[in-house]
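>>> build me a model:
(4 chains)
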2 protein chains.
Amino acid sequence: MTSTAVGARRAPRRDAEENRTALLDAATTALGSDPDASLEAIAAAAGLSRRAIYGHFATRDDLVAASVERGALRLAAATADVDRDDARVALALLGARLWDAVEQVRVLASLAVRGPSLAVVGAALAPVRSRLLSIVTAGAASGTIRDDIPAASLSRLIEQAAIAVLVEATESGFSRDDGHRLVMLIALSTAGLSAREANELIEATPELHHPLPEDAAL
Amino acid sequence: MTSTAVGARRAPRRDAEENRTALLDAATTALGSDPDASLEAIAAAAGLSRRAIYGHFATRDDLVAASVERGALRLAAATADVDRDDARVALALLGARLWDAVEQVRVLASLAVRGPSLAVVGAALAPVRSRLLSIVTAGAASGTIRDDIPAASLSRLIEQAAIAVLVEATESGFSRDDGHRLVMLIALSTAGLSAREANELIEATPELHHPLPEDAAL
DNA sequence: AATAACTTGCACAGCGGTGTGCAAGTTATT
DNA sequence: AATAACTTGCACACCGCTGTGCAAGTTATT
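From the prediction side, this is the model:
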């Protein structure tokens, strides 16, 4: 007997949590391409009925919030270890890691545009954004990153450029390696490096050749 | 007597067309910040009742289509004369002209993301996009623009970067001159120039100092 | 095998939005 | 001043979506 209290209900069933994550997965991809995806569509993609959603999430907003938070957590985890002495390398690495979390980036980007979800996304993304900002600031101070644009603005521009690359790379069917390279190139270019400099930096930095993350699970 | 045919209705009233363009203006700004803006909201912004819209546009889709088409026309007009021998100058000029048509860019960008309006926008934007693509292609051929990224992809990335700049510049309250400079810098950076090179090019090219367009009306 | 957890399907109310008809009012034009 | 153009306000039907209640079914757990 594993129950704890007197009126104790039996432990929640294992498949229930599986369904919950299936819903989150479905919501992530669905909302990633259409922030107004209906619960009907999401449930279908998860192989469940619309009615079943309400067994896991009280309201639609709860579902999207949960999806956003999980995405932000994964994103933070994927980019946790990118700090380097050379801000340019750190930036490239950060970009590369995004490529391995495209799904998450897509939802967040999609929901960050419009409506009330904006606030939720903003809060959830705060850590990642501050990491980027500090890289940019450090680079500007040490002269490795441009300083002709205010750091705050520049980091937002890099963020948007990176998102654009991810969309472009997935829709154009780039390979994993090409995707990595492209997102690094654009991040570096936006940061002020010339195309030549960006390519040389990547070439000269072994760590950037195949920037596989250490498979951090969550 | 100005009437033409027998059962001729009297000529349409002058204020009717004023209201029509007021509606298009309102739709442009409203849809620019929320692609799902209600007709109620748009009508209110135009100083009319929702019911009055149907005197000018049969359906909501008609209104957005008209708004898109007018925006694309203005955009094309604003960027019609940017071709130059130096592809980098042409690109910078193109970016600068966008700054003077922010409203139009905003609607188009906002509607280009999601839903059925995507097709309409795509068609309407075709000329501007092909202008950009040919600049990029020419620049890559003559060695003034990067060739490490396929021209088609690169031009889409520049487009997205430019949009990001416009949003950033307006939301951060940049001055007109700062806005011009910022959008030129980012376009050039994405095209492969270093921050230094971009600034020097702008410095060395008088035409880019105060790129006021010749007030093309439409 | 018994039980509770979970899913399903249906029905229903509610909400916000669109599109339409019509009568009454206002306003530019002749 | 007469007339047609235009706007308004209200009514209504319709649509897709959300959220809820409930009864019946299925499935993991003990």
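>>> secondary structure class for A:His210?
Here A:His210 takes the coil state, with states given by DSSP: H, G, I helix; E, B strand; the rest coil.
>>> so how many other residues sit close to it?
A count of neighbours around A:His210, defined by other Cβ atoms under 10 Å in any protein chain shown, yields 10. From N, CA and C alone the C-beta is placed, and that goes for glycine too.
>>> isn't it up against A:Asp177?
Yes - look at A:His210 against A:Asp177 with Cβ atoms under 8 Å: they come within range, at 7.3 Å.
>>> with A:Leu31 as the reference, measure out to the residue nearest to A:Arg196 when sequence neighbours are not counted.
The shortest distance from A:Arg196 to any residue other than its chain neighbours is 7.8 Å, reached at B:Gly192 (Cβ to Cβ, 6 or more residues apart in numbering or on different chains). Computed with Cβ to Cβ, to the nearest Å, the distance linking B:Gly192 and A:Leu31 is 34 Å.
>>> what about these two, which has more around it?
The residue with more neighbours, out of B:Gly192 and A:Leu31 and counting by other Cβ under 10 Å, is B:Gly192; that gives 27 against 24.
>>> state the distance from that one to DNA strand C.
Distance of B:Gly192 to DNA strand C, computed by Cβ to the nearest atom of the strand, to the nearest Å: 43 Å.
>>> pLDDT value on that residue, please?
pLDDT, B:Gly192: 98.
>>> quick one, phi/psi of it?
Backbone torsions for B:Gly192, taken as degrees, to the nearest 10, come to phi 120, psi 0.
>>> and it, what does it touch?
Under the criterion of Cβ atoms under 8 Å, 6 or more residues apart in numbering or on different chains, the contact list for B:Gly192 reads A:Ser189, A:Ser194, A:Ala195, A:Arg196, B:Ile145, B:Arg146, B:Asp148.
>>> swap in A:Gly95?
For A:Gly95, the contacting residues are A:Ala162, A:Val165, A:Val183, A:Met184, A:Ile186, A:Ala187, A:Leu188, taking Cβ under 8 Å, 6+ apart as the criterion.
>>> secondary structure element for it?
With the criterion set as DSSP states H and E, the secondary-structure element containing A:Gly95 is helix A:87-99.
>>> low-confidence stretches in chain A?
A:1-8, A:211-218 (pLDDT under 70).
>>> what's around A:Val113, how many residues?
Here the count is done by other Cβ under 10 Å, and A:Val113 has 18 residues near it.
>>> what subset of the contacts of B:Gly192 is buried?
Burial by neighbour count, judged by 16 or more other Cβ atoms under 10 Å in any protein chain shown, picks out A:Ser189, A:Ser194, A:Ala195, B:Ile145, B:Arg146 from these.
>>> against B:Val136, how distant is the last one?
Right, the one you point to is B:Arg146. Counting by Cβ to Cβ, the gap between B:Arg146 and B:Val136 amounts to 9 Å.
>>> quickly list what's touching both of those two.
Shared contacts of B:Arg146 and B:Val136, defined by Cβ under 8 Å, 6+ apart, comprise B:Leu154, B:Ala191.
>>> look up phi and psi at the nearest residue to A:Asp61 once chain neighbours are set aside.
For A:Asp61, the nearest residue in space outside its immediate sequence neighbours is A:Pro116; the separation is 7.6 Å by Cβ to Cβ, 6+ apart. With angles defined as degrees, to the nearest 10, A:Pro116 sits at phi -70, psi -20.
>>> what does chain A put close to DNA strand C?
Taking Cβ under 7 Å from any atom of the strand as the test, the list of chain A residues beside DNA strand C reads A:9-13, A:15-16, A:19, A:47-49, A:51-52, A:55-56.
>>> rewinding a little: from the contacts of B:Gly192, which is closest to DNA strand D?
Closest approach between these and DNA strand D, by Cβ to the nearest atom of the strand: A:Ser189, at 39.4 Å.
>>> secondary structure element for the closest one?
Take DSSP H and E as the rule and A:Ser189 turns out to sit in helix A:176-190.
>>> then that helix to PDB, C-alphas only?
Written as PDB, here are the backbone C-alpha positions of helix A:176-190 (Å, rounded to 0.1, in the frame of the first residue of the first chain):
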ATOM      1  CA  ARG A 176      21.600  20.200 -39.600                       C
ATOM      2  CA  ASP A 177      25.100  21.300 -40.300                       C
ATOM      3  CA  ASP A 178      24.100  24.000 -42.800                       C
ATOM      4  CA  GLY A 179      21.500  25.200 -40.300                       C
ATOM      5  CA  HIS A 180      24.100  25.500 -37.600                       C
ATOM      6  CA  ARG A 181      26.400  27.400 -39.800                       C
ATOM      7  CA  LEU A 182      23.700  29.700 -41.100                       C
ATOM      8  CA  VAL A 183      22.400  30.800 -37.700                       C
ATOM      9  CA  MET A 184      26.000  31.400 -36.500                       C
ATOM     10  CA  LEU A 185      26.800  33.400 -39.600                       C
ATOM     11  CA  ILE A 186      23.800  35.700 -39.300                       C
ATOM     12  CA  ALA A 187      24.200  36.200 -35.600                       C
ATOM     13  CA  LEU A 188      27.800  37.200 -36.100                       C
ATOM     14  CA  SER A 189      27.000  39.400 -39.100                       C
ATOM     15  CA  THR A 190      24.400  41.300 -37.100                       C
END
